[in-house]
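Enquirer: Sharing a sequence plus its predicted fold:
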Amino acid sequence: MHKILAVDDDLSILEIYKEIFSNAGFEVRTAEDAVAAVTLYQQFQPDLLVLDVDMPAGGGQKVFDRLRNLFQTATPIIFSTGLPEAVQNLAKLANVVVLKKPVNAGELVSEAKRLLKIA
């Protein structure tokens with residue numbers, strides 16, 4: 001089973017992600033800030049991350065930088081944000097997708113499956 005770590009400071013959005021991805025057959029864990037996300041990443045070893053961009057303690061950009069630079073990981077990442085232009089430069093990178101909130105459940109799952117190369 002593929003594992004997803006969803007990170008957002010809005011608990012209701014995390015609940016929605018949990019439901020969407022669980023129903024699609026993924027194992028899901030959640031974190032509410034950048035610090036918890038990095039810690040949980042090390043423990044859980046997810047196959048994919050869904051990151052909010054604007055969060056306390058650094059946000060998705062900080063998590064992204066830490067994972068790419070510190071852990072040298074190419075774990076696929078979906079940035080889910082109300083301001084996609086804030087991370088458009090990252091959308092050009094391999095294994096990175098930027099989706100505008102509110103995110104459509106079908107689009108979220110299909111992008112996750114595409115990044116994970118699941119038919």
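Expert: That came in fine, so what should we check first?

Enquirer: SS state for the residue sitting nearest the centre point of the chain?
Expert: Centroid-nearest residue in the chain, with C-alpha atoms, centre = their mean: residue 50, separated by 1.2 Å. What DSSP: H, G, I helix; E, B strand; the rest coil gives for residue 50 is strand.

Enquirer: What separation is there between it and residue 79?
Expert: To residue 79, residue 50 is 8 Å away according to C-beta to C-beta, to the nearest Å. C-betas here are computed from N, CA, C, even on glycine.

Enquirer: Please apply the same query to residue 1.
Expert: 24 Å.

Enquirer: do the same with residue 7
Expert: Relative to residue 79, and taking C-beta to C-beta, residue 7 is found at 10 Å.

Enquirer: anything in contact with each of these two?
Expert: 51-52, 60 (C-beta atoms under 8 Å, 6 or more residues apart in numbering).

Enquirer: which one of those residues is nearest residue 111?
Expert: Checking the shared contacts of residue 7 and residue 79 against residue 111 with C-beta to C-beta, the nearest one is residue 51 at 12.9 Å.

Enquirer: neighbours around the residue nearest to that closest one when sequence neighbours are not counted, how many?
Expert: Nearest non-adjacent residue to residue 51, counting by C-beta to C-beta, 6 or more residues apart in numbering: residue 60, 3.3 Å away. Other residues within reach of residue 60, judged by other C-beta atoms under 10 Å, total 26.

Enquirer: how much space is there between residue 60 and residue 98?
Expert: Distance from residue 60 to residue 98, by C-beta to C-beta: 10 Å.

Enquirer: Residue 1 and residue 79: who's more crowded?
Expert: Between residue 1 and residue 79, counted using other C-beta under 10 Å, the more crowded position is residue 79 (26 against 6).

Enquirer: Centre of the chain to the host helix or strand of that one, how far?
Expert: Element membership for residue 79, per DSSP states H and E: strand 77-81. Centroid displacement of strand 77-81 relative to its chain, using C-alpha atoms, centre = their mean, to the nearest Å, is 5 Å.

Enquirer: for it, packing partners?
Expert: strand 48-52, helix 59-69, strand 96-100, helix 105-115 (3 or more C-beta pairs under 8 Å, 6 or more residues apart in numbering; DSSP states H and E).
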